[in-house]
Structure formats: C-alpha cells, structure tokens
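J.: please work out how this folds:
(chains A and B)
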Protein chains: 2
Amino acid sequence: MLKFQSQLHAPENPRSTKTSIMIIGGAEDKIHGREILQTFFNRSGGQEAKLAIIPSASREPLLVGDRYRNIFSDMGAKEITIFDIRDREAASASQWQSFLEECTGVFMTGGDQLRLCGLLADTPVMQTVREKAQGGEITLAGTSAGAAVMGEYMIAGGGSGESPNRSLVDLTTGLAIVPQLLVDQHFHNRNRMARLISAIASYPDRIGIGIDEDTCIIVEGDGLLSAIGKGTVTIVDPKNMTGNNYSEVGATDPLSLCNLKVHLLCHGGRYNMHSREIIAESGPTGSH
Amino acid sequence: MLKFQSQLHAPENPRSTKTSIMIIGGAEDKIHGREILQTFFNRSGGQEAKLAIIPSASREPLLVGDRYRNIFSDMGAKEITIFDIRDREAASASQWQSFLEECTGVFMTGGDQLRLCGLLADTPVMQTVREKAQGGEITLAGTSAGAAVMGEYMIAGGGSGESPNRSLVDLTTGLAIVPQLLVDQHFHNRNRMARLISAIASYPDRIGIGIDEDTCIIVEGDGLLSAIGKGTVTIVDPKNMTGNNYSEVGATDPLSLCNLKVHLLCHGGRYNMHSREIIAESGPTGSH
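T.: Here you go, the predicted structure:
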C-alpha cells in the first residue's frame, strides 16, 4: 500500500480533460491531499475549469457553496459559479443555461437528497446537466446527498441494526444520471450494508453501489467504474439473485435472498458495469 | 409469510430425537413462543431429555444457568445439570463425564467467547461434547458467545462503522465443533457485516456465517444448514474470492475483495455447506 499512499498525497496530479461522473461517499478530504476534489478539478480541465457548484441539497446553500468555491478557487479554477437554486422556478432561469454552455464541471454538494431531487428533478438545468454528463461534455461530481441522487432509483433514508427487510429502506426516484446504479453513501461508516441489500431486493435489475466516506467511484462513459480514495466501494450485483419474498413492498419480514455477488474495491480497483466483471489489477488509476 | 408465523407460534412442536448442532445468534426468545429453545428441547429428546447447561462464558454462571434450567424444566426435561465450570481444573472432573454418558443435549450460554474458550478448550469435557455432537449422539446448542466458539477460528471481538480491513476484527481459535464455519452473531443487529467480511478475508477457506438475534442455523450431520427464527442468517462464501491485499495481518488498509457470494436465509431457508448451494424452497423446516 505504500505505493498507493505516495500517489494519494502526490502534490501534483496530472491534468486531464477526460470526462466522467464521480460519485463520492461523503466527507471527502477538503484540507490535506484533497485527492478526490483534486481529481474532479483535474478532470474538469484544471486551470481552464469553469465550474458550477450546486448546493441545493443543503439548507445552508451559500455556506456550503462557498466552501467548495474556495477549494476550487485555491486550486486555480478559471471560473466558478454557485447555482443557488432554492425553488423550482429558479431552476428555469436562463443564467444557468448560459453558464452550462461554457461549463466544464458540475459539483453537487451534500445535504438532503430529497430536497435536491425536489428542487431539481425534471427542471431545465438538471436536464442539461444530465445530458452533458452522460454525453461526456462535462465532469459531474456528487458527494453524499449529491451521490445518492445519481441512480434512477434512490435511497432516501433508512435504518440499520436490523435484519434486511423491505421496510428498512425508503426508496424513491433519483435524477437518473447513471440509471443502472442504486447508490448508498457514508457506507460502511454508517453500517448501511443491510439497507443497500434491502434496497437492491426491490430493484434486482440494478447494481447496488455502497461508497465509503472520502471514497469515490468514477464512472466513465464506457461503463468502467474506478475506485479512488481512502475506503472501499462495495458492489452488490443481484444478477443471479433469487429470493422468495423480495417483492412484498414495505414488508417487515426478513429478506430471503440467494446468490448475491459482492465485491469490495479499494483505491485502484476497477469494475465493468456492463459485463459486471472486475478488471484485473494494473495499479491504481488515481487521478490520472 | 402467514404460514411461517403460524408455525412459529405453534404451541405444540413435534418431538424429535434427530441430532444436530444449533448455532444461535443471541437474544433468543425466552418468554413467548421460545421457538429456538423449544426446538433444542425437542431435538434433545423432549420429555426424555437429559440436558447439560454450560454457562462458563458468563461471569454470572449460576444466574444464567438457572435461567435456562427453569426454561427447560418448564418444558418438561427429565434431567438438567448445570456444568458450573469456573477453572480449567474443574473441566476434568469425572462428574461431567458421567453425566455426558447419559446426556442427550448440551446448551452453551452467552457471555464472553474468550472466557468460554479459555476455560474449556482442550479439556476432557469439551472433547467429549465435541465428539458426541459431531457424532450425532447429542444435540449441541450455543447462543451468542456459545455460538461464536463453534468454528475452528473464532471472532473474539471487533468494530463497526469502518471500511472492512484486517484490524477491524480480532481473530483467534475456537472450539472447532463445526470447523468449516466462521461464525458471527447479533449480526445485523450490531452491524457486523464489515467485520465478518474482514474475518473471512483472513480465512478464505472457511464459510462466513452471520446470525441475527433470535435466529438459529441448525447444522445437520450431512452438512445441511437450516435457518429458523425471526431474523436472517447471512452466508458469506469466499470460494471464488480474489483480492489483492487480504494477506496482510493487522493492516488497516481497506480490503479489496472480489467475487464474494452472499446469501440471506430466513426461516425455512436451507444451504448445503459441502456443495455450497442453496437448497430449493420446500416450505419452512421449523421445529420438525
């Protein structure tokens, strides 16, 4: 792991304009190596980056927005705009669309994923962000609540400390940026394996992704997922899953589920979400 | 699940002398349906049962022993002896061996699994219990700490709320009653998935078994595991597991592990630990 460490804290990350979607498990390092945020900055164009920060998940959008503005400003971003959208009407404003024309990276902060979806689902600004992210025109990152919204279906909340069961997790629709994934965050930190398993039981045609804090999965356009950061990314693949009671919505009966495939990726680990296979190790991908 | 419920609370469980090893996830129902304890009683011979209670895991062995004595006495056991073994010398006493000659069931209570192993590992009394349990001459049950000791390797303690890593779990040797299994208990109740995964990374030739509270896996002589009770039994099968760093003892690096197979059994679910396959549903096995 020494090799990993030295790369983690490398002061100079190579600049890249490679586009990607970054799903961050929350509590990413904002002070020291800032590996994940630096990777977002690099992939958004580095010194040429024109960044939009969407703090709408938070009830303190200016405070949270400013914190990220300062970080990316320190890194040397060319332009940063905070999309301070607090009601759905504001999401139609032409100023956001104009900025998105030139924008190279969009960052969605933490907060409450229901708030974020409530404000931005099916709005012109989100439609543009999604299209540009899916088309590889911008780098899109979301952390914590901003990560939770990435799938077509979303974990809005839930519990822990119980046998997996359908009532352990609250599910709703997300922003469908990477529709195939069902994302959970602060994952092992908040003991969320049971709730992710409970969620995937309801949507066995998706792939469950549990991302630890200060950890990120980078989704490339070709379906390649690469892990970076301090913790693990847990992949719960229900492709071959069978079960006798996972269709009962809201039931509190413990779930019976067989043949879940589980992978734990750490920094440098890679997975192809189309073939659903781990890609053999070839060293960390890091911020390259 | 209505069918399950009605069987769970059936006042009359059919008596059986079928032998088995019962691994209980702790906090089993001692007041109402007492399904798991009733199953132990039935399998130990019902009204003909001659039971030994081993409370040595507990620092209050008389209190804990008496509690189970009262329960099995209420059920109508023919004879009950508390093996109040508080030092290793006492474990050699001939009185235990005499009782074990006639004994039909042995119950190991909760407490501290390190204490239980410290007092009983490699003693004549445990050697006899193990041989008789493995040979199908007695029904052996262990709950909580009494469950943890069942494998050749044992989880002595550990943490939660972290990315799985080798230092998250303390491993030592158990009583090797079902050597193939690596058992954890109070499983989803105490969010122990990460520690079981961390443990299995160290012993990839074993099968990880996480048992929820008031839940039990019954191990038959032919390698059949049957779940009964309220929660789930989580099976972590690392047979096809690959990883890049799971051999580093005590390391705090997050684990990279691929191709874990995970099953969740609930009441009535069955698994063959030799073929490592789920056995198709044919209704709950319950207390039959």
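
J.: return the residues of the stretch 51-200 of chain A in contact with chain B.
T.: A:160-164, A:188-191, A:193-194, A:197 (CB under 8 Å from any CB of the partner chain). Placement of C-beta: from N, CA and C, glycine included.

J.: try 7 Å
T.: Residues of the stretch 51-200 of chain A lying close to chain B by CB under 7 Å from any CB of the partner chain are A:160-164, A:188-191, A:193-194.

J.: just the helices in chain A please.
T.: A:2-8, A:35-43, A:61-75, A:94-102, A:113-120, A:124-134, A:145-148, A:193-202 (DSSP state H).

J.: and those as JSON lines, adding mean neighbour count and mean pLDDT?
T.: Shown next, in JSON lines, are the helices of chain A (neighbours: other CB atoms under 10 Å in any protein chain shown; pLDDT from 0 to 100):
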{"stretch": "helix A:2-8", "mean neighbour count": "13", "mean pLDDT": "39"}
{"stretch": "helix A:35-43", "mean neighbour count": "25", "mean pLDDT": "97"}
{"stretch": "helix A:61-75", "mean neighbour count": "17", "mean pLDDT": "98"}
{"stretch": "helix A:94-102", "mean neighbour count": "14", "mean pLDDT": "97"}
{"stretch": "helix A:113-120", "mean neighbour count": "21", "mean pLDDT": "98"}
{"stretch": "helix A:124-134", "mean neighbour count": "20", "mean pLDDT": "97"}
{"stretch": "helix A:145-148", "mean neighbour count": "28", "mean pLDDT": "98"}
{"stretch": "helix A:193-202", "mean neighbour count": "26", "mean pLDDT": "96"}
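
J.: identify the farthest-apart pair in the residues of the stretch 51-200 of chain A next to chain B.
T.: The largest separation in these, counting by CB to CB, is between A:163 and A:189 at 20.8 Å.

J.: more neighbours: which of these two?
T.: residue A:163 (28 against 21; other CB atoms under 10 Å in any protein chain shown).

J.: so the more buried one makes contact with residue B:190?
T.: No. At 11.8 Å, residue A:163 and residue B:190 do not qualify as touching, with contact defined as CB atoms under 7 Å.

J.: go ahead and confirm residue A:82 touches residue A:67.
T.: No. Counting by CB under 7 Å, residue A:82 stays clear of residue A:67, with 10.5 Å between them.

J.: tell me the phi and psi of residue A:266?
T.: phi -120, psi -180 (degrees, to the nearest 10).

J.: count the residues that sit near it.
T.: By the criterion of other CB under 10 Å, residue A:266 has 28 neighbours.

J.: how close does it sit to chain B?
T.: 4 Å (CB to the nearest CB, to the nearest Å).

J.: now swap in residue A:230 and tell me
T.: Taking CB to the nearest CB as the measure, residue A:230 and chain B are separated by 7 Å.

J.: any regions of chain A where pLDDT drops low?
T.: Within chain A, the ranges that satisfy pLDDT under 70 run A:1-19, A:244-250, A:281-288.

J.: so where's the longest strand in it?
T.: Ranked by residue count, the top strand of chain A under DSSP state E comes out as strand A:257-265.

J.: wait, isn't residue A:25 in contact with residue A:186?
T.: Yes. Applying CB under 7 Å as the test, residue A:25 and residue A:186 come out as touching, 6.1 Å apart.

J.: and those two? Which one has more around it.
T.: Set side by side, residue A:25 and residue A:186 show more neighbours around residue A:25, with 32 against 22, by other CB under 10 Å.

J.: next, the more buried one: phi, psi?
T.: Dihedral angles of residue A:25 (phi, psi; degrees, to the nearest 10) stand at phi -80, psi 10.

J.: ok, it to residue A:130 distance?
T.: 21 Å (CB to CB, to the nearest Å).

J.: can you check residue A:31 too?
T.: In terms of CB to CB, residue A:31 sits 31 Å off from residue A:130.

J.: can you check residue A:23 too?
T.: Distance from residue A:23 to residue A:130, by CB to CB: 14 Å.

J.: check residue A:140 too.
T.: 8 Å.

J.: what touches both of the two?
T.: residue A:177 (CB atoms under 7 Å, 6 or more residues apart in numbering or on different chains).

J.: got the contact list for stretch A:148-160?
T.: For stretch A:148-160, using CB under 7 Å, 6+ apart, the contacting residues are A:23, A:113-114, A:116-117, A:142, A:168-179, A:181-185, A:190-192, A:194-195, A:199, A:203, A:206, B:191.

J.: return a ChimeraX selection command for the buried portion of those residues.
T.: Per 16 or more other CB atoms under 10 Å in any protein chain shown, the buried members of the contacts of stretch A:148-160 correspond to this ChimeraX selection:
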select /A:23,113,114,116,117,142,168,169,171,174,175,176,177,178,181,182,183,184,185,190,191,192,194,195,199,203,206 /B:191
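
J.: filter the contacts of stretch A:148-160 down to the ones in strands?
T.: A:23, A:142, A:169-173, A:181-185.

J.: just curious, which of those is nearest to residue B:269?
T.: residue A:169 (21.0 Å).

J.: what bridges to that closest one?
T.: residue A:158 (DSSP bridges).

J.: please give me every residue in contact with residue A:254.
T.: Contacts for residue A:254 (CB under 7 Å, 6+ apart) come out as A:163-165, B:231-232, B:266.

J.: again, only this time at 10 Å
T.: Residues near residue A:254 by CB atoms under 10 Å, 6 or more residues apart in numbering or on different chains: A:162-166, A:168, A:198, A:245, B:1, B:188, B:212, B:215, B:227, B:229-233, B:264-267, B:269.

J.: just the buried subset of those, please.
T.: The buried subset of the contacts of residue A:254 (16+ other CB under 10 Å) comprises A:162-166, A:168, A:198, A:245, B:1, B:188, B:212, B:215, B:227, B:229-233, B:264-267, B:269.

J.: my read is that residue A:37 contacts residue A:49, right?
T.: No. Contact criterion CB atoms under 10 Å: residue A:37 and residue A:49 do not qualify, at 11.7 Å.
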